[in-house]
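>>> below: sequence and its predicted model.
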Amino acid sequence: MHIRVINPNTTRAMTDLVGRSARVVAAPGTLVDAVQPTMGPASIESHYEEALAVPGLLEQVALGEAEGVDAYVVACFGDPGLDAARELAHGPVIGIAEAAMHVAALVGRRFSVVTTLGRTRARARELADRYGFRDACVAVRACEIPVLALEDPGAQRRLTDECRRAVEQDGADAIVLGCAGMASLCAAIADEVGVPVVDGVAAGTVLAQSLVTLGLRPGAAGEYASPPPKPMSGLLAGFEIHAAVRVPVA
Ligand code: 2AL
């Protein structure tokens, strides 16, 4: 089985980090590789950056399809381009926010999300609502550390303290880490806060692997049918779909 983790930002160190985090939980015999777009923002912490990350992400899905990749994990907590990626891929495509929230809801009734900058809180809340966790997601907190500063001295302490406040003040009995760049901190934070802490990269990898094992993938006939062939122009000319990429099974 071949699972590809796509870091939708263009920072190589983060791509390497998510690859390592995914490989830790992959089953023997599962090949996990990690890639990043050839264009787009260095990190994603605004709606603008999220929108501009999507073409490069979709390009990586198209390349993966040509290589026969079995499933994808979109390793950014805004789950950018998730629905569009599902229209291109034959196998499952899992976002790390949806993966982490589903897994958190299996180990606790109430979870808090702890994200990077305050401005990303609304997106996390929107996703919790979309995935059906309006009640289970009791708070979305921010540690106010930018994505690319998560490995700086002091970052782990501040993030851990915010997670502890989530347990004490929100009554959360599980924590969802709100950024792929937090993956390497997950175990240490869990040790300190005493409730399950869910990293979406690991959760997404395990869920993608499980769906492939179960032979389950989004249906190709409904909402996730292949995008119709249609002219595309300008910078996006290379994204033109010439023929159906997903064909419903008869
Ligand atoms: C993220 C993430 O996971 N990757 C990225 O570039 N930005 N999430 C976030 N909340 O800032």
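Yep, that arrived.
>>> any idea which helix or strand comes after the helix ranked longest in the chain?
Looking across the chain with DSSP state H, the single longest helix is helix 47-67. Next helix or strand after helix 47-67 toward the C-terminus (DSSP states H and E): strand 71-74.
>>> contact residues of this structure facing the ligand?
Residues of the chain that fall close to the ligand, judged by CB under 6 Å from any ligand atom: 9, 43-45, 76-77, 115-116, 120, 147, 178-181. Yep, even glycine has a C-beta here, placed from its N, CA and C like the rest.
>>> which sections of the protein are below the confidence cut-off?
Applying pLDDT under 70 to the chain flags the ranges 249-250.
>>> recalculate using a threshold of 90.
The model of the chain has pLDDT under 90 over residues 246-250.
>>> so who does the most centrally placed residue in it touch?
The chain has I96 as the residue nearest its centroid, 2.6 Å off, counting by CA atoms, centre = their mean. Counting by CB atoms under 8 Å, 6 or more residues apart in numbering, I96 makes contact with V73, V74, A75, C76, F77, D79, A180, G200, V201, A203, G204.
>>> quick one on the thing from earlier: neighbour-wise, which of the residues of the chain next to the ligand leads?
C179 (33 neighbours; other CB atoms under 10 Å).
>>> so what secondary structure elements neighbour the longest helix of the chain?
Contacts defined by 3 or more CB pairs under 8 Å, 6 or more residues apart in numbering; DSSP states H and E place helix 47-67 against strand 2-6, strand 31-35, strand 71-74, helix 82-88.
>>> can you do 7 Å?
strand 2-6, strand 71-74, helix 82-88 (3 or more CB pairs under 7 Å, 6 or more residues apart in numbering; DSSP states H and E).
>>> make a markdown table out of the ones you listed and add mean neighbour count.
Listed next are those as a markdown table, based on neighbours: other CB atoms under 10 Å:
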| stretch | mean neighbour count |
| --- | --- |
| strand 2-6 | 25 |
| strand 71-74 | 29 |
| helix 82-88 | 20 |
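>>> tilt between the helix or strand where G204 lies and strand 31-35?
Here G204 sits within helix 200-214, counting by DSSP H and E. Angle, helix 200-214 to strand 31-35, by axes from the mean of the first three to the mean of the last three CA atoms, to 10 degrees: 130 degrees.
>>> buried set for helix 200-214?
G200, V201, A202, A203, G204, T205, V206, L207, A208, Q209, L211, V212 (16 or more other CB atoms under 10 Å).
>>> does the first one touch A100 like I think?
Yes. With contact defined as CB atoms under 7 Å, G200 counts as touching A100 (3.5 Å).
>>> hang on, the earlier thing: mind putting the buried residues of helix 200-214 in CSV, distance to R109 included?
Shown next, in CSV, are the buried residues of helix 200-214 (distance: CB to CB, whole Å):
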residue, distance to R109
G200, 19
V201, 24
A202, 21
A203, 17
G204, 22
T205, 25
V206, 21
L207, 20
A208, 25
Q209, 26
L211, 25
V212, 29
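>>> walk me through the domains of the protein.
2-95+203-239, 97-200 (automatic domain parsing).
>>> wait, what's in contact with the nearest residue to I96 once chain neighbours are set aside?
What sits nearest to I96 in space, not counting adjacent residues and going by CB to CB, 6 or more residues apart in numbering, is G200, at 2.9 Å. For G200, the contacting residues are F77, I96, A97, A99, A100, L177, A180, by CB atoms under 7 Å, 6 or more residues apart in numbering.
>>> list the buried residues of the helix or strand the fifth one falls within.
Following DSSP H and E, the helix or strand that holds A100 is helix 96-107. Applying a neighbour-count criterion of 16+ other CB under 10 Å, one finds I96, A97, E98, A99, A100, M101, H102, V103, A104, A105 buried in helix 96-107.
>>> kind regards, and thank you for your time.
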